[in-house]
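*Asks:* Okay, here's the prediction I keep looking at, along with the sequence it came from:
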Amino acid sequence: MDLDIREIAYGSAEYRQGKLLRDAVLRRPLGLALSEEDVKQDPNNKHFGAFQEDVLVGCVMLHPVDAHTAQLKHMAIASDVQRHGVGRRLIAHFEAAAKALGYRTICMEARVTAQGFYATLGYQVVSEPYMHQATGLPHVKMLKHI
C-alpha cells in the first residue's frame, strides 16, 4: 500500500478531514459524536495523517505531557484499510517524530480491544482496566520508552 505520512497543520482542510475520521471511527460506532471536550487540546497538539492517493486514511495526535513524555491520542484508521499496516506505519512515523522532538517516553490510554495491537509494537500496560469517561469503554494506560 502506497502511503504518504506527514504532519498536518491544525485548522487546515486536512485537520478537518482528521476530525471527521476520528468522529467516524472513534465515536459514531458508539452512538456518540466528537465533542468540544474531545478537540479542546487540538491547537496544542501535533497532528499526523496517513494519506493514500491524497485521501486521509489514518490520523493520530501527539500531545506534550512534559519535557520527556508525549501522549499518543485519537488514533483512527479508516475501516476499509484496517489490518493493512496503516496503523503500524503511522505509529512508526509518530514515534520517530516524537524522538526527534526530544521525547523519550510515549504514553496512551488505549481501548482494551486495541491493547494487543499496541503490545505488538512494544507498548506495555501500566494500569488496571478502567472505564474511559468520554466513551464508556474499558481502557488501559500503556507506555513505551523510545
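*Replies:* Perfect, thanks for sending it.

*Asks:* out of all of them, which helix in the chain is the longest?
*Replies:* In terms of residue count, the longest helix belonging to the chain (DSSP state H) is helix 86-100.

*Asks:* Just checking, which helix or strand of this structure averages the lowest pLDDT?
*Replies:* In the chain, no helix or strand scores lower on mean pLDDT, DSSP states H and E than helix 36-39, which sits at a mean of 89.

*Asks:* next SSE after that helix?
*Replies:* Using DSSP states H and E, the helix or strand that directly follows helix 36-39 along the chain is strand 46-52.

*Asks:* Keeping just the C-alphas, turn that following strand into PDB.
*Replies:* C-alpha atoms of strand 46-52 as PDB (Å, rounded to 0.1, in the frame of the first residue of the first chain):
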ATOM      1  CA  LYS A  46       0.900  17.900  16.600                       C
ATOM      2  CA  HIS A  47      -1.300  16.100  14.100                       C
ATOM      3  CA  PHE A  48      -0.200  13.400  11.700                       C
ATOM      4  CA  GLY A  49      -2.100  11.900   8.800                       C
ATOM      5  CA  ALA A  50      -1.600   8.900   6.600                       C
ATOM      6  CA  PHE A  51      -2.800   9.600   3.000                       C
ATOM      7  CA  GLN A  52      -3.500   7.100   0.200                       C
END
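
*Asks:* Can you name the residues in contact with that strand?
*Replies:* Applying Cβ atoms under 8 Å, 6 or more residues apart in numbering, the contact partners of strand 46-52 are 1-10, 14-15, 17-18, 56-62, 77, 81, 86, 89-90, 93-94, 97, 101. Any C-beta I mention is one placed from the backbone N, CA and C, and that applies to glycine too.
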